[in-house]
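> How does the following fold in three dimensions:
(2 chains)
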Amino acid sequence: MAANQKQYVVFRIDNDEYGADINKVISIERMSTVTRVPKTPAYIKGVINLRGEVVAVLDLRTRFNIPEKEADDNTRIVIVETGNISYGIIVDSVVEVLSVDETNIESVIGFTGNANLDYISSVAKIGERLITLLNLEKLIAELVTV
Amino acid sequence: MDMSQYLNIFVEESRENLQDLNTSLLELEKDPGNISILNEIFRVAHTLKGMAGTMGYTHMQNLTHKMEDVLDALRNERIRVTADVVDVLFKCLDALESYVDTVSETGSEGEEEYADIVSFLSDILGNEGSKTQLQENKSTTETGSGLKLELNVYDKNVIEKAFEQSLNVFEIYIELDQKCLLKAARAFIIFQLLEKNSDVIKSVPPVNDIEDEKFDYYFTVVVITEKDKDFFVRELNTVSEVRKVEVTEITQKHLENIKQGSEKEAAKKSVTKEEKHEKKDAVQKPSEKKVTSKTVRVDIERLDVLMNLVSELIIIKTRLDGILSTGEREREVSQTLESLERVTTSLHDAVMKARMVPVETVFSRFPRMIRDIAKELNKDINLHMSGEETELDRTVIDEIGEPLIHIIRNSADHGIEMPEERVAKGKDRAGNIWLRAYQDGNNVVIEVDDDGAGIDIEKVKKKIVEKGLESEEIVNGLTDEEVIQCLFLPNFSTSDKITDLSGRGVGLDAVKTKIEALGGNVEMISKRGKGSRAIIRLPLTLAIIQALLVMVGNEKYAIPLNSIREIYNLNPKDIKYVRNQEVTVLRDTVIPIIRLHDVLDIEVSEDDSNKKYLTCVVVKKGEKLFGIIVDSLINQQEIVIKSIGKLLSGIRFIAGATILGDGNVALILDINSIV
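Next comes the predicted model:
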């Protein structure tokens, strides 16, 4: 891997591709029973039992205001960790691990005036593909207090 | 040589030693003559010096070396232990602590030399000089860095002018032989000598009294001269019938001490000295020799791993229980299962005990904190601690420190009044804060009690209205306890100014959140004029509890068994309304009814009208009872409390999660926040 390349785990929701910094991805798990937790934002689906640990999971569809879908055999939970906090992201499927050259990454600040989209840190352009790179800290920023 | 592997050990042992030093210094302050404390402090400084030397931390080594010199002089009584000396030693302690912190963060001790502290230490040592020249005298009064005479502002001006002209200023204490017959004559000779070689600017008793022989057999003078110390010592000692001569150089430092509220300080010092003497007479605590028990240092992570394994074992045992009870149970299987249960419970207890730490580790830093706060606020505060041996789980100990600090600071800052105010109210001049820890059933209770001004309910009410949190009518309808509860709301503070200590309004809310995240709760009681008390309750055993599993909608929830008083079938017709709140009557007590469907945002499948009875779980919070409506009961079982994760730990009503036998997660309800 050349010096200016960053690696991302690429996954899909509907027809859109998203990427998460591989350094922050802990594991990719199959879908399991999610226990709902009351009094949480809608995009927090609940918690799962991850080999004895209780981990919160987030539904990206709800987070991005995309209509929900039933889980199928391809649904995966991507477990990530940022700043000491672990959580899972429910995705339709995981595509691949991709090395992206930094020159192909463009920041999206200023693209839209919508501050709600600050969990998108940048976009990678590989040929025809447009991969939205997620800011994993901002995705859960609302819940991280103190 | 690669020192990095020893860094951890160095940091840990240094911290332990510094803790010892802290405790010893506080004791020394109360009992300055105690040689064994001085020896202990010397030993600690010596150990630290050795450790710093081994690791190559020269600054630390230098500082501890100077400390050793001073301590040696102290324990050999060449210098007297005064408040200034103790202050400097505390400053050394702070410097050493920050060295260790720097080491812990960066691996090296940093560049800080603390030259000012080193020079303080040198000054203290410098003052022991003249003593050694007077061989014959075995007197108990030493010239430390303090002066015998109290200098006032006028003296100060004169002395400062002398400094400007590079002249020396000395305080000379002269003691005549008690058998001396003509004291006045002898004194006259001495004064002649003094006046030939210096200017006498002050004399106690005044010169006239000395001429009239109206003095005991000693007097003290302050002189300005070109000559040096030795000159006076020599010359004065040649005068016959002079028993003792003490010459102390007055420096700029002595003058600085005058600036800081001299008379008040002197008065305070003499008052506290009297108190100390009384205390000493009343309670002679023998200096206890530290009993060192055999210990092994264990990495916390290893204990955590052990804890997790034991928890898994219990989950598996529960599953086994479930599997075997569905089929036919043979007697042998039952017995084996019961043995397994006994062993796992014992194992769990043993591991929990390994993680239990006495609260003393948290309490130990408070005396120093109170001392510093009291000084900063110019208040007089006594801290009384009890129950330090009460034990808490390690994780709780780590987290409880900050909330406690905040509560104690509140007591000191807002609660305890200024000394004059207290005296005017007829209270003791010194405020008191009691810090108690004790076990109560399955909980550990920590109380912070003060005899200060209490919470000003009216002021709080005004602030609530001011901040727009509630309207005036509602506020006036609140009981006193409810008003106090409002203090725990975010961003609440009645302080008009924000001090370094408190007033930012963030504190009590953060305190409450933290304590509740630990599974505990906090309560404030206050009486205007009498004082306030904060009561913190924390669960003893964190990880494994008995719980009742219930069904609400189609979700399973666990209710900790020790909150439950009873369960019964409640006839829907027995539910009445009081002020919009559902209640029922249980054996002559009116208890509020809470429907979990509402609390947990669960849809109700059918309303009450079709039901003959509702399942009501009666829980207790403090002294009050509440009835919680659930759909049905599942069973009672031992559950392992798992943290719900950092992300969701602040969620209301949920105390944690547990993994059931079927592998799914069930949430544990936090009864205290629901009722």
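> Now do the contacts for the residue nearest to B:Thr47 when sequence neighbours are not counted.
Setting aside the residues directly before and after it, B:Thr47 is nearest to B:Asn17 in space (C-beta to C-beta, 6 or more residues apart in numbering or on different chains), at 5.7 Å. Backbone N, C-alpha and C define where each C-beta goes, glycine included. With contacts defined as C-beta atoms under 8 Å, 6 or more residues apart in numbering or on different chains, the neighbours of B:Asn17 are B:Val44, B:Thr47, B:Leu48, B:Met51.
> Double-check that the second one belongs to a helix.
Pointing back at B:Thr47 there. Yes: B:Thr47 sits within a helix when classified using DSSP: H, G, I helix; E, B strand; the rest coil.
> Name the residues that touch the helix or strand of chain A with the lowest mean pLDDT?
Every helix and strand in chain A was compared by mean pLDDT, DSSP states H and E; the lowest is strand A:105-107, with a mean of 84. The set of residues external to strand A:105-107 that reach it, using C-beta under 8 Å, 6+ apart, is A:Lys6, A:Ser121, A:Ser122, A:Val123, A:Ala124, A:Lys125, A:Leu133.
> mind redoing it with 6 Å?
A:Ser122, A:Val123, A:Ala124 (C-beta atoms under 6 Å, 6 or more residues apart in numbering or on different chains).
> cool, and stretch A:84-94?
Where contact means C-beta under 6 Å, 6+ apart, the residues beyond stretch A:84-94 that reach it are A:11-13, A:28, A:55-60, A:74, A:76-79, B:646-647.
> hmm, try it at 8 Å
Outside of stretch A:84-94, the residues that reach it under the criterion C-beta under 8 Å, 6+ apart are A:9-14, A:18, A:20, A:26, A:28-29, A:31, A:45, A:48, A:50, A:55-61, A:69, A:71, A:74-80, A:139-140, A:144, B:645-647.
> Stretch A:31-51 now?
Counting by C-beta under 8 Å, 6+ apart, the neighbours of stretch A:31-51 from elsewhere in the structure are A:29, A:54-60, A:62-63, A:71, A:75-77, A:79, A:88, A:90, A:142-143, B:555, B:599-602, B:644-645, B:648, B:651-654, B:657, B:659, B:663-667.
> what does stretch B:222-234 give?
By C-beta under 8 Å, 6+ apart, the surrounding residues in contact with stretch B:222-234 are B:129-130, B:133-134, B:149, B:151, B:155, B:158-159, B:162, B:167-172, B:194, B:197-203, B:245, B:247, B:249-250.
> And the buried ones among those residues, selectable in ChimeraX?
Per 16 or more other C-beta atoms under 10 Å in any protein chain shown, the buried members of the contacts of stretch B:222-234 correspond to this ChimeraX selection:
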select /B:130,149,151,155,158,159,162,167,168,169,170,171,172,194,198,201,202,203,245,247,249,250
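> In strands, which of the contacts of stretch B:222-234 appear?
By the criterion of DSSP state E, membership of these in strands covers B:168-172, B:199-203, B:245, B:247, B:249.
> Let's see the pLDDT reported for B:Leu633.
pLDDT for B:Leu633: 93.
> same question but for B:Thr292, I mixed them up
Looking at B:Thr292, its pLDDT reads 53.
> Tell me who's in contact with the closest residue to B:Leu303 other than its chain neighbours.
With sequence-adjacent residues excluded and distances taken as C-beta to C-beta, 6+ apart, B:Leu303 is closest to B:Arg355, at 5.5 Å. For B:Arg355, the contacting residues are B:Leu303, B:Met307, B:Asp393, B:Arg394, B:Thr395, taking C-beta under 8 Å, 6+ apart as the criterion.
> Please, a PyMOL command that selects the buried ones among the contacts of stretch A:84-94?
This is how PyMOL selects the buried members of the contacts of stretch A:84-94, with burial counted by 16+ other C-beta under 10 Å:
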select buried, (chain A and resi 9+10+11+12+13+18+20+29+31+45+48+50+55+56+57+58+59+60+61+76+77+78+79+80+139+140) or (chain B and resi 645+646+647)
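> from the contacts of stretch A:84-94, which ones fall inside helices?
Among those, the members falling in helices (DSSP state H) are A:Leu60, A:Arg61, A:Leu139.
> got the residues you listed as TSV, with distance to chain B columns?
Rendered in TSV, the data for those read as follows (distance: C-beta to the nearest C-beta, whole Å):
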residue	distance to chain B
A:Leu60	15
A:Arg61	19
A:Leu139	11
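> show me what contacts the closest residue to chain A within the stretch 201-350 of chain B?
Here the stretch 201-350 of chain B gets closest to chain A at one residue, B:Glu312, 6.0 Å apart by C-beta to the nearest C-beta. Residues in contact with B:Glu312 (C-beta under 8 Å, 6+ apart) are A:Gly52.
> How about B:Ile433?
Neighbour list for B:Ile433: B:370, B:381-384, B:408, B:411-412, B:415-416, B:448-450 [criterion: C-beta under 8 Å, 6+ apart].
> Just checking: what are the partner strands of the strand or helix carrying it?
Counting by DSSP states H and E, the element that carries B:Ile433 is strand B:431-440. Next to strand B:431-440 in the sheet, as set by DSSP bridges, lie strand B:381-386 (parallel), strand B:443-450 (antiparallel).
> Near the spatially closest residue to B:Val552 that is not a sequence neighbour, how many other residues are there?
The shortest distance from B:Val552 to any residue that is not its chain neighbour, by C-beta to C-beta, 6+ apart, is 4.7 Å, and that residue is B:Leu596. The local packing of B:Leu596 (other C-beta atoms under 10 Å in any protein chain shown) involves 23 other residues.
> which stretches of the chain have low pLDDT?
Assuming you mean chain A. Under the criterion of pLDDT under 70, the regions of chain A flagged as low confidence span A:1-3, A:109-117, A:145-146.
> looking at chain B here, not the other one
Where chain B drops to pLDDT under 70, the residues are B:1-5, B:127-146, B:257-294, B:324-329, B:441-442, B:490-506, B:541-544.
> Could you tell me which residues of it lie near chain A?
Chain B has residues B:308, B:311-312, B:315, B:510, B:513, B:555, B:599-602, B:642-648, B:650-654, B:657, B:659, B:663-667 near chain A, with proximity defined as C-beta under 8 Å from any C-beta of the partner chain.
> and the angle from the helix or strand encompassing B:Pro403 to strand B:443-450?
Counting by DSSP H and E, the element that carries B:Pro403 is helix B:394-410. If you take axes from the mean of the first three to the mean of the last three C-alpha atoms, to 10 degrees, helix B:394-410 sits at 20 degrees to strand B:443-450.
> immediately after helix B:394-410, which helix or strand?
For helix B:394-410, the following helix or strand on the C-terminal side (DSSP H and E) is helix B:419-424.
> buried stuff in that next one?
Judged by neighbour count using 16+ other C-beta under 10 Å, the buried positions of helix B:419-424 are B:Pro419, B:Arg422.
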